[in-house]
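Student: got a sequence here, can you build the structure:
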Amino acid sequence: MSRRLLHTFRPLHHQNPLGLPNRAHAPPAPQIPRRGAAPPTKRPIPHVRKVLVVASGKGGVGKSTVAVNLAFALATQGGARRRVGILDLDVFGPSVPKLMGLDRADEPNLTADGALIPLQNHGLPTMSMGYLLPRSAPDASNEDTPVVWRGLMVQKAVQQLLFDVDWRGAEPAAPGLDVLVVDMPPGTGDVPLTLGQLVSVDGAVIVSTPQDVALSDVRKGISMFRKVDVPITGIILNQAYFLCPSCSTPHDLFGPPDRFRSVAEHLGVPMLGELPLAPGVSAGGDEGLPYALVSDEKVRSIDGEGGVRWKETMRSAADVVWAALQRG
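Tutor: I've put the predicted structure just below:
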């Protein structure tokens, strides 16, 4: 195994923003179409059976937290353990390294063919732009290192993250993934458009909060995915209510869910669930321990009935998503 080239090497800057070596034996990745050109033929991601994107029209709704926990719920639901990975495509604000407890991990190694080898924690492989940024010191975090790129650089980096990661890991004989969960950046910009144009996506989960300002952006996001032929698996309402531990009464802190349900019905999109506010979800994310991995007994002791309902709702959503992926 080898290390990647420095991504600041200027001759590689535009065509190879991640500084990866030339992969002579790898099939060429589909190219981003020029203006007026015919769209490229969508391709599957190598060594991945199903691709599920988790997106939101607006930032700050808990999309990355939902994506990571949904990945673990997909991996652990059912009888046999499923092979699930997480790809963080939020180039400018990657959250997966922190949520996975990998924000101080070393740079990924490369396969003999020059592909990135995913980093693992809690048994799930992950890849993120956050693993590839320089650090001020070897033992320091790179959370203050910004990505200052224009559109073409972002598109090329996304292309490399999609097609230059070997999800079999360091073992070429490994079977790859059953599902790759892709954590998208908020909005309808370069990244979701690039993904929708180049990759065969099997489903999309949209995350929102109850406020009208978030739901209006959800409508735009769903419309965008439909324009690039990405099927919408369903929508999840995050921070739907707070369940008071002492009185067991749901409180709609950010407004009632009626508007969310109306939007889902109007757009013909399945509702996957309404997640309550549970303080342990945020605390677990800060510590790099996804809430889906916390035992039910500990969840009840930390967050009471609200935590129990959160985990039950996530499990139920994972079951619906898995069934939809198998039908697709």
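
Student: buried residues in stretch 284-302?
Tutor: 284-285, 288-292, 294, 299, 302 (16 or more other CB atoms under 10 Å). All C-beta spots, glycine's among them, are computed from the backbone N, C-alpha and C.

Student: could you give me the buried positions within stretch 173-190?
Tutor: For stretch 173-190, using 16+ other CB under 10 Å, the buried residues are 176-188, 190.

Student: and for stretch 193-203?
Tutor: Of the residues in stretch 193-203, those buried (16+ other CB under 10 Å) are 193-199, 201-203.

Student: min pLDDT across the buried residues of stretch 284-302, which one?
Tutor: Lowest in pLDDT among those is I302, which has 88.

Student: would you mind confirming that that residue makes contact with G280?
Tutor: Yes: I302 lies in contact with G280 (CB atoms under 8 Å); the separation is 4.4 Å.

Student: mutual contacts of those two, please.
Tutor: Common contacts of I302 and G280, defined by CB atoms under 8 Å, 6 or more residues apart in numbering, comprise V294.

Student: redo the buried residues of stretch 193-203 as a markdown table? Include secondary structure and distance to A67.
Tutor: Shown next, in a markdown table, are those (DSSP: H, G, I helix; E, B strand; the rest coil; distance: CB to CB, whole Å):
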| residue | secondary structure | distance to A67 |
| --- | --- | --- |
| L193 | helix | 19 |
| T194 | helix | 18 |
| L195 | helix | 14 |
| G196 | helix | 17 |
| Q197 | helix | 21 |
| L198 | helix | 20 |
| V199 | strand | 16 |
| V201 | coil | 14 |
| D202 | coil | 15 |
| G203 | strand | 13 |
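
Student: E265: what secondary structure?
Tutor: Following DSSP: H, G, I helix; E, B strand; the rest coil, we place E265 in the helix state.

Student: how about the strands of the stretch 151-300 of the chain, start to end?
Tutor: Counting by DSSP state E, counting those that start in this stretch, the stretch 151-300 of the chain has strands at residues 177-183, 203-208, 232-237, 242-243, 250-251, 271-274.

Student: which elements pack onto the third one?
Tutor: Counting contacts by 3 or more CB pairs under 8 Å, 6 or more residues apart in numbering; DSSP states H and E, the secondary-structure elements packed against strand 232-237 are strand 203-208, helix 212-227, helix 258-267, strand 271-274, helix 296-327.

Student: nearest to H251, of those?
Tutor: Evaluated over the helices and strands packed on strand 232-237, closeness to H251 peaks at helix 296-327, with 10.3 Å, by CB to CB.

Student: ok, back up a step: tell me which of the helices and strands packed on strand 232-237 lies nearest to Y241.
Tutor: The closest of these to Y241 is strand 271-274. By CB to CB, the value is 7.3 Å.

Student: show me the residue at the heart of the chain, geometrically.
Tutor: Geometric centre of the chain, nearest residue: D183, 1.7 Å, by CA atoms, centre = their mean.

Student: and that one, what does it touch?
Tutor: Counting by CB under 8 Å, 6+ apart, D183 has contacts 54, 63-64, 67-68, 86-90, 95-96.

Student: out of the residues you listed, list just those in strands.
Tutor: With strands taken from DSSP state E, the overlap with the contacts of D183 comprises 54, 86-88.

Student: and which of these is nearest P245?
Tutor: Closest to P245 out of the ones in strands among the contacts of D183 is V54 (28.9 Å), distances taken as CB to CB.

Student: with that, I have no additional questions.
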